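Asks: Give the three-dimensional model of this entry:
(one chain, ligands or ions: 2)
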Amino acid sequence: MTIPHEGRVIRGAVLSYRDDPVVAGPDHAVRFWCKGAVAVSGDGRIVWCGDASRLPERFRTLPSDDHGDALVLPGFIDAHVHFPQYRMLAAPGKDLLDWLNRFTFPEERRYASVPHARAAAEVFLDRLVQHGTTAAVVFSTVHRSATETLFAAAERRDMALVSGKTLMDRNAPEALRDDPESGARDSEALIERWHRHGRLRYAITVRFAVTSTEDQLREAGALAARHPDCYVHSHLSESEGEIELVRRLFPWAKDYTDVYDRFGLLGPRSLYAHGIHLSERECARLSETGATVVHCPTSNTFLGSGLFDAAHVGRADRPVRIGVATDVGGGTSYSMLHTLGEAYKVAMLGGRTPGAHELFHLATRGNAVNLGLDEEIGSLEPGRWADIVVLDPTATPVLEARHALSESIEDTLFALAILGDDRAVRATYVAGKRVWGTAPGAP
Ligand code: GUN
Ligand code: ZN
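Replies: Ligands and ions are numbered 1, 2, ... in the order given. Purely as a prediction, here's the structure:
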C-alpha cells in the first residue's frame, strides 16, 4: 500500500552514494551538494536529485521542506534487529546463552498475545523512524500471529521490511517451540501473504543452529529452495559458548557455517548476524556462496561476544559481504549513528581505521546492495523510494562545538558517527512522507 501524498521537494545538504567509496574511490562514489534538493513524486519515489540551483522548473511549485544546512541522506537500513526485544535493551547477561535464557526467552513468550504484539509493533516501528532507520531486516518471534502484526503495521506505514517467523524447535522453552512441520507450514502461509506484498519481503528465519533440529533445518532448506526469492536470516559464530554447543549438537559438521551449508541455507540472499569467530574455511565458503555477514558492534561488546574482524572477513582475495546492524536488544542502541561509531572503535581495536564515507555507505547503500535492493533503497538516485533521514550536525552542544572545527563533509559525518544519536535526527521520510520530526521552520 502506498500512502498518497502530493509531491514535494526536500532541500538541505544532500549526500548519497552511487558506488562503494572504498572500491570506486570517493570522487566517483560520493554525491554531495551543500545546497541540494531531492524532488519526490506523489507516489513516494525520487524523481530528481542534485544542486538546488538546477532544480527543473516543473518541480519548483511543489511544496518544499527546506532543512537549510542539515544533511539530507538516504534513510538508514538496519540489517539485523529484533522486534520482540524492543524494550529489553541493557539486560545484563553473563554471555549470549545466559542472556537468551534469563531475559530474552521470557520476554519473547509475551508475543503469544496478539494485543501485546500489536502494540509492540507500533512502538518498535516508531523507534526505528525516530532514529532515522527507514528499512530493516527484523527478527520476530516463533509466533505466526506476532509476525503478522509486524508485517501489517509496516504495511500501514509503507515501510520496507524484511521479516519472518522464527523457527525454533529445541533448546528453548516449550512455549517458544514450534516443530518442523508447523514451522514450515506457518512460514509458507506468511510467504504467501506477505512476501513482495508492497515493500515487504519474507526471510526464512532459523534463530540459530542451537535451537533447530536437523529436521527443522532440512525443512528450512526446502523452503529456501522453493522460494529462492526469499531471504534466509539467522545468527552465526557469535560467542564461544554457542560455537561449542553447535559442535556438540552437530558432531558431523566441519564447523558452524557447515551446518547451515549442509541444509542449503547459504546463498546471496542469506544474512547471518555476527560472524565474529569465523575460520578461514568458513570465510571462503561464505564468500563463494555470496552470503552476507552482518556486523553488530554494540551487541558484540555488550554481550562480551568478541571483536568482529572486518579485515579478515572481507579479505580482498575471498571477500565475504559485510553489513552493519544494531541487533537491538542484544545491541544497546537503535541508532545507526551510534552503531557506526562503535563499528569504528571495534575496527580501531583491530588495527583498521575506516573512513566516514565507508561507514555511512555501509549503513545506506551498502546494506541495500547486500539485500539486493539497491535499485529500490539506499541512495537518492531517481527511481528509488524517497526514504530519507535529515541529520542536524549541530544537534547537541557537543556536536555544535565539534562542528565548528569541521572542514569537510567527511569530517562532519565522522563527528556524527562518534557523537550522534537520535537527537541528531531532525526528520525522517518514508516513501516521501514525513513520519518523524518537525517541518522546517516550525517551532
Ligand atoms: N543468537 C540466537 N538468538 C539471538 C538473539 O536473540 N540475539 C543475539 N544477539 N544472538 C542470538
Ligand atoms: Zn540478533
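Asks: Just list whatever residues bridge to T205.
Replies: Residues in a beta bridge with T205, per DSSP bridges, are T166, H233.
Asks: In contact with it, which residues?
Replies: Contacts for T205 (C-beta atoms under 8 Å, 6 or more residues apart in numbering) come out as 139-140, 163-167, 232-234. Every residue, glycine included, has its C-beta placed from N, CA and C.
Asks: Please apply the same query to D261.
Replies: Contacts of D261 were listed using C-beta under 8 Å, 6+ apart, and they are 285, 289.
Asks: Next to ligand 2 in this structure, residues from the stretch 201-350 of the chain, please.
Replies: Those residues of the stretch 201-350 of the chain that sit near ligand 2, judged by C-beta under 5 Å from the ion, are 273, 327.
Asks: The same query, at a cut-off of 6 Å, please.
Replies: Contact residues, the stretch 201-350 of the chain versus ligand 2 (C-beta under 6 Å from the ion): 235, 273, 327, 330.
Asks: In strands, which of those fall?
Replies: Using DSSP state E, the members of those that fall within strands are 235, 273.
Asks: how about the residues of the stretch 201-350 of the chain next to ligand 2 in a markdown table, adding pLDDT?
Replies: Supplementary listing: these in a markdown table, determined by pLDDT from 0 to 100:
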| residue | pLDDT |
| --- | --- |
| H235 | 99 |
| A273 | 99 |
| D327 | 98 |
| G330 | 98 |
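Asks: Dump the residues of the stretch 201-350 of the chain next to ligand 2 to TSV, plus distance to F83.
Replies: Written out in TSV, the entries for these read as follows (distance: C-beta to C-beta, whole Å):
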residue	distance to F83
H235	15
A273	14
D327	12
G330	13
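Asks: from the residues of the stretch 201-350 of the chain next to ligand 2, which is closest to V390?
Replies: Nearest to V390 out of those is D327 (C-beta to C-beta; 25.1 Å).
Asks: quick one: which of the contacts of T205 is nearest I418?
Replies: Looking across those and measuring by C-beta to C-beta, the closest to I418 is F139, at 27.8 Å.
Asks: I'd like the distance between the closest residue to the closest one other than its chain neighbours and ligand 2.
Replies: In space, and not counting its chain neighbours, F139 is closest to H82: 4.3 Å by C-beta to C-beta, 6 or more residues apart in numbering. In this structure, H82 lies at 6 Å from ligand 2, with C-beta to the ion, to the nearest Å as the measure.
Asks: What is the burial count for H82?
Replies: Burial of H82, expressed as a neighbour count using other C-beta atoms under 10 Å, amounts to 24.
Asks: and what of G383?
Replies: Every residue meeting other C-beta under 10 Å relative to G383 is counted, giving 10.
Asks: Now it: which helix or strand?
Replies: In the assignment (DSSP states H and E), G383 maps to no helix and no strand.
Asks: Report the distance from stretch 120-137 to the chain centre.
Replies: 11 Å (C-alpha atoms, centre = their mean, to the nearest Å).
Asks: Kindly export that stretch (C-alpha atoms) in PDB.
Replies: These are the backbone C-alpha positions of stretch 120-137, laid out as PDB (Å, rounded to 0.1, in the frame of the first residue of the first chain):
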ATOM      1  CA  ALA A 120       4.800  -3.600  20.400                       C
ATOM      2  CA  ALA A 121       4.900  -3.500  16.600                       C
ATOM      3  CA  GLU A 122       3.800   0.200  16.700                       C
ATOM      4  CA  VAL A 123       6.300   1.100  19.300                       C
ATOM      5  CA  PHE A 124       9.100  -0.800  17.500                       C
ATOM      6  CA  LEU A 125       8.500   0.900  14.200                       C
ATOM      7  CA  ASP A 126       8.200   4.300  15.900                       C
ATOM      8  CA  ARG A 127      11.600   3.700  17.400                       C
ATOM      9  CA  LEU A 128      13.100   2.900  14.000                       C
ATOM     10  CA  VAL A 129      11.900   6.100  12.300                       C
ATOM     11  CA  GLN A 130      12.800   8.200  15.400                       C
ATOM     12  CA  HIS A 131      16.300   7.000  14.900                       C
ATOM     13  CA  GLY A 132      16.300   7.700  11.100                       C
ATOM     14  CA  THR A 133      16.000   4.000  10.200                       C
ATOM     15  CA  THR A 134      13.600   3.600   7.200                       C
ATOM     16  CA  ALA A 135      14.200  -0.100   6.300                       C
ATOM     17  CA  ALA A 136      15.200  -3.100   8.400                       C
ATOM     18  CA  VAL A 137      15.700  -6.800   8.500                       C
END
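Asks: Was I right to think the residue nearest to F139 contacts V137?
Replies: No - the pair H82 and V137 fails to qualify as a contact (C-beta atoms under 8 Å) at a distance of 10.4 Å.
Asks: tell me, what's touching these two both at once?
Replies: Taking C-beta under 8 Å, 6+ apart as the contact definition, H82 and V137 share no neighbouring residue.
Asks: list the contacts for E155?
Replies: For E155, the residues meeting the contact criterion (C-beta under 8 Å, 6+ apart) are 1, 197-200.
Asks: Any figure for the gap between it and ligand 1?
Replies: 24 Å (C-beta to the nearest ligand atom, to the nearest Å).
Asks: and that residue, that's in a strand?
Replies: No - secondary structure of E155 (DSSP: H, G, I helix; E, B strand; the rest coil): helix, not part of a strand.
Asks: Alongside ligand 1, which residues does the protein contribute?
Replies: By the criterion of C-beta under 6 Å from any ligand atom, the positions of the chain lying close to ligand 1 are 82, 96, 100, 104, 207-208, 235, 238, 299, 327, 330.
Asks: Export those as a markdown table, with columns for distance to G306 and secondary structure.
Replies: Rendered in a markdown table, the data for the residues of the chain next to ligand 1 read as follows (distance: C-beta to C-beta, whole Å; DSSP: H, G, I helix; E, B strand; the rest coil):
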| residue | distance to G306 | secondary structure |
| --- | --- | --- |
| H82 | 19 | strand |
| L96 | 10 | helix |
| L100 | 17 | helix |
| T104 | 19 | helix |
| R207 | 20 | coil |
| F208 | 16 | coil |
| H235 | 13 | strand |
| E238 | 8 | coil |
| S299 | 11 | helix |
| D327 | 14 | coil |
| G330 | 13 | coil |
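Asks: Can you pick out the most distant pair from these?
Replies: R207 and S299 (14.9 Å).
Asks: Assumed A37 was part of a strand.
Replies: Yes - counting by three-state DSSP, A37 is found in a strand.
Asks: thinking again about what came up before, now tabulate the contacts of T205 in CSV and tack on neighbour count.
Replies: Written out in CSV, the entries for the contacts of T205 read as follows (neighbours: other C-beta atoms under 10 Å):
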residue, neighbour count
F139, 27
S140, 27
S163, 25
G164, 29
K165, 27
T166, 29
L167, 28
V232, 25
H233, 27
S234, 25
